[in-house]
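Student: Structure for this input, please:
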Amino acid sequence: MTFTIGINTVVVSDIHTITFNGKPVEQLPYQTTDVTIRQATSHFILIESKDMHIAYDGNALYVTLESFYRERVRGLCGSFDYNQDNDLRLPNGKLTCDTHIFSRAYQLNDTKPEEHVPEQFDRPVAVCFRRGSEKALF
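Tutor: Predicted structure coming up:
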């Protein structure tokens, strides 16, 4: 799992193998002026900056952001706008209800994520979300 925080990059291979800007972290807690990495419990690594907290146990990721990020993020953790109906927004701006397409769209590799998102879906138009009389169709 790779985290980019400002100009810093933290890579957590498992909760016992961590690198910071390409250099192995030998002992926790590890602290710089911008980032603190510590063992929160026997199962969780906590990566903290002034604006965010990331807890990682090797399987699940828990992200807490300051309110400054409200409506300024999107991706696998949603859009942080308190509207669950648009949390599955693809990098190309379209909504999907297919979690497989959604997760593949944000997969990092040598190409841009948008190149893996089909422009046309191979199934009929679907109603993904309903709330009152509002519908999101594609």
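Student: contacts, neighbours, all on C-alpha from now
Tutor: OK.
Student: Look up phi and psi at residue 102.
Tutor: phi -60, psi -50 (degrees, to the nearest 10).
Student: Let me know the secondary structure of residue 38.
Tutor: strand (DSSP: H, G, I helix; E, B strand; the rest coil).
Student: since we're on it, how many residues are nearby?
Tutor: 17 (other C-alpha atoms under 10 Å).
Student: For it, which non-adjacent residue is spatially closest?
Tutor: With sequence-adjacent residues excluded and distances taken as C-alpha to C-alpha, 6 or more residues apart in numbering, residue 38 is closest to residue 29, at 4.3 Å.
Student: Then residue 50?
Tutor: Counting by C-alpha to C-alpha, 6+ apart, the residue nearest residue 50 is residue 34, at 7.3 Å.
Student: quick one: what helix or strand has the one you found in it?
Tutor: Counting by DSSP states H and E, no helix or strand carries residue 34.
Student: Kindly provide the distance from the residue nearest to residue 38 to residue 41.
Tutor: For residue 29, the distance to residue 41 (C-alpha to C-alpha, to the nearest Å) stands at 12 Å.
Student: neighbour-wise, which of these two wins?
Tutor: residue 29 (14 against 9).
Student: in the protein, which strand has the most residues?
Tutor: Longest strand of the chain, by residue count under DSSP state E: strand 8-14.
Student: tell me which residues of it are tucked away?
Tutor: Neighbour counts using 16 or more other C-alpha atoms under 10 Å place 10-12 of strand 8-14 among the buried residues.
Student: got the CA coordinates for it in CSV?
Tutor: Only the C-alpha atoms of strand 8-14 are listed here, as CSV (Å, rounded to 0.1, in the frame of the first residue of the first chain):
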residue,chain,number,x,y,z
ASN,A,8,6.5,12.3,1.1
THR,A,9,5.8,8.7,0.1
VAL,A,10,5.1,5.9,2.6
VAL,A,11,5.0,2.3,1.4
VAL,A,12,3.6,-0.3,3.8
SER,A,13,4.2,-3.8,2.4
ASP,A,14,2.9,-5.3,5.6
